[in-house]
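Enquirer: Structure for the following, please:
(chains A and B)
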2 protein chains.
Amino acid sequence: MSSAWEVDDQTPEEVAAQERLYGPFTEAVRDLVDVAILTEVDAAEVDRARAEIEAVTARLRRRQRNGSFGVRYDPAGGRTRAWGNAVVGLRNAVAPPLRVERDPSGDGRVSSDFHLGAAYEGPPGLVHGGVLALVLDQLLGESAGARGKPGMTGTLTLTYRRATPLGPLRGEAWIDRVEGVKTFAHGHLLGPEGATVEAQGVFILPRWARESATRPDRFE
Amino acid sequence: MSSAWEVDDQTPEEVAAQERLYGPFTEAVRDLVDVAILTEVDAAEVDRARAEIEAVTARLRRRQRNGSFGVRYDPAGGRTRAWGNAVVGLRNAVAPPLRVERDPSGDGRVSSDFHLGAAYEGPPGLVHGGVLALVLDQLLGESAGARGKPGMTGTLTLTYRRATPLGPLRGEAWIDRVEGVKTFAHGHLLGPEGATVEAQGVFILPRWARESATRPDRFE
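Expert: Model (predicted):
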């Protein structure tokens, strides 16, 4: 598997068509993941569902990419597609997915309103502490990358102030300071009763990104 | 949604039967999540798959629990089922899932060998930094809970030493020290070339667990 961006020759129209196709498809898979946790239909119905899912999967595997989705960039549209990303990936049913809004000023401030359901549980009725870390890592990383430097996580420190109930949440992140290849980003998650988790991270511009001719500034 | 363990009246045989039913079913959903990222079949086939998945989901929703799975405990078998858990949940297709081994000495040392595929990607071909945090939070929490104190995360600090490629991985965690309701746990993830991420966490025994009559000591 590659660890570089792939530049492809998709036109903006082709990318838009894929988005219309894979967006609802992956939403259907997410809905199945949710009901797989919650269903209480009888065993025969669960077994029948399993057989049907296996048949669908076999058909989808007839032509497929190996490895992982990677991150793809189309020069024509200037869009970076991290569609396999575990937090924001359009085609990844593990991802909630988050849609990250960037402050138009370009100062690195990002935010996201999102919903975490049954699939993100840790203690009963609460979001898994590690899922909160996962989301914050993405938000802080996107903040750090907002100035054109896609960073990889160097260190991440999370302080859990109170339990985070499953349901609607908001995340915010911003750049505290930049020192050479290191970007220091901060952020937090907000539940119905205010901040539940605070995060501080150091993101480092990796060598391959420093040397790359294309410098995509946005994950989607 | 509740934030307490649910004690139910399942017999050990009923729990075993559910495990045999839901284990393979959820594996089928995980396989679908993987191919949803990777498939390159034509648009008509993707749309057909979406319609079929939606039909399966609708049938599974005819009888279902609301909210989330929670954590259930059967006194007869003495087993705690965190089957909706985002890292270890038998019924959660977001979970890889990890199977966590505990050192029989009861000193809190835990380990897990697991595989992370396309659904856990961050940078191209690499595990998402936040997924590594998610896995380590679970391992450190299980370590902290090994002495009968299921803890919630207080703080978690991750130091990323090198990139972690998608594929086979191993995680290890252990208790550094205990101070009252706080347990200090350490751990790391090991890739093909050694440790990639180190973690330190403080886990706190929440009030509801301190007051609970049942003290389950194991997540499954």
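
Enquirer: contacts, neighbours, all on C-alpha from now
Expert: Fine.

Enquirer: got the residue ranges for the helices in chain A?
Expert: A:12-38, A:43-60, A:129-145, A:207-211 (DSSP state H).

Enquirer: from these, which stretch is densest packed?
Expert: helix A:129-145 (a mean of 29; mean count of other Cα atoms under 10 Å in any protein chain shown).

Enquirer: how about JSON lines for the helices of chain A, with mean pLDDT and distance to residue B:49 added?
Expert: As requested, the helices of chain A are exported to JSON lines (pLDDT from 0 to 100; distance: least, Cα to Cα, whole Å):
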{"stretch": "helix A:12-38", "mean pLDDT": "97", "distance to residue B:49": "8"}
{"stretch": "helix A:43-60", "mean pLDDT": "98", "distance to residue B:49": "6"}
{"stretch": "helix A:129-145", "mean pLDDT": "96", "distance to residue B:49": "29"}
{"stretch": "helix A:207-211", "mean pLDDT": "61", "distance to residue B:49": "37"}
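
Enquirer: Who are the contact partners of residue A:195?
Expert: By Cα atoms under 8 Å, 6 or more residues apart in numbering or on different chains, the residues touching residue A:195 are A:161, A:188-189.

Enquirer: swap the cut-off to 7 Å and go again
Expert: When contacts are counted by Cα atoms under 7 Å, 6 or more residues apart in numbering or on different chains, residue A:195 touches A:188-189.

Enquirer: re the thing from before, of the helices of chain A, which is nearest chain B?
Expert: Minimum separation from chain B across these (Cα to the nearest Cα) falls at helix A:129-145, 3.7 Å.

Enquirer: what does the closest one contact?
Expert: A:87, A:108-110, A:120, A:122, A:151, A:158, A:173-175, A:183, A:185-187, A:199, A:201, A:203, A:217, B:129-131, B:133-135, B:137-138, B:153.

Enquirer: That helix to helix B:129-145, inter-axis angle?
Expert: 150 degrees (axes from the mean of the first three to the mean of the last three Cα atoms, to 10 degrees).

Enquirer: and helix A:129-145, how far from the chain's centre?
Expert: Between the centre of helix A:129-145 and the centre of its chain there are 9 Å (Cα atoms, centre = their mean, to the nearest Å).

Enquirer: Could you write out the alpha-carbon coordinates of it in CSV?
Expert: Output of helix A:129-145 as CSV, limited to C-alpha atoms (Å, rounded to 0.1, in the frame of the first residue of the first chain):
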residue,chain,number,x,y,z
GLY,A,129,-13.7,7.6,25.5
GLY,A,130,-11.5,6.4,22.6
VAL,A,131,-14.1,7.5,20.0
LEU,A,132,-13.9,11.0,21.5
ALA,A,133,-10.1,10.8,21.0
LEU,A,134,-10.6,9.6,17.5
VAL,A,135,-12.9,12.5,16.6
LEU,A,136,-10.6,15.0,18.3
ASP,A,137,-7.5,13.7,16.5
GLN,A,138,-9.3,14.3,13.2
LEU,A,139,-10.5,17.8,14.1
LEU,A,140,-7.1,18.9,15.5
GLY,A,141,-5.3,17.4,12.5
GLU,A,142,-7.6,19.3,10.1
SER,A,143,-7.1,22.5,12.0
ALA,A,144,-3.3,21.9,11.8
GLY,A,145,-3.6,21.2,8.1
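
Enquirer: quick check: mean pLDDT across stretch A:182-190?
Expert: Stretch A:182-190 shows a mean pLDDT of 96.

Enquirer: Which positions within that stretch qualify as buried?
Expert: A:182-190 (16 or more other Cα atoms under 10 Å in any protein chain shown).

Enquirer: Strands - which of those residues land there?
Expert: Judged by DSSP state E, strands contain the following of the buried residues of stretch A:182-190: A:182-190.

Enquirer: CSV for those, including distance to residue B:51?
Expert: Converted to CSV, these look like this (distance: Cα to Cα, whole Å):
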residue, distance to residue B:51
A:182, 46
A:183, 44
A:184, 45
A:185, 42
A:186, 42
A:187, 39
A:188, 38
A:189, 35
A:190, 36
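
Enquirer: Run the chain-centre distance for the strand ranked longest in chain A.
Expert: Ordering each strand of chain A by length in residues (DSSP E) puts strand A:167-179 first. Distance of strand A:167-179 from the chain centroid (Cα atoms, centre = their mean) equals 14 Å.

Enquirer: Is it positioned near chain B?
Expert: No. Judged by Cα under 7 Å from any Cα of the partner chain, strand A:167-179 and chain B are separated, with a smallest distance of 9.4 Å.

Enquirer: Tell me the buried residues in that strand?
Expert: Under the neighbour-count criterion of 16+ other Cα under 10 Å, strand A:167-179 has A:167, A:169-176 buried.
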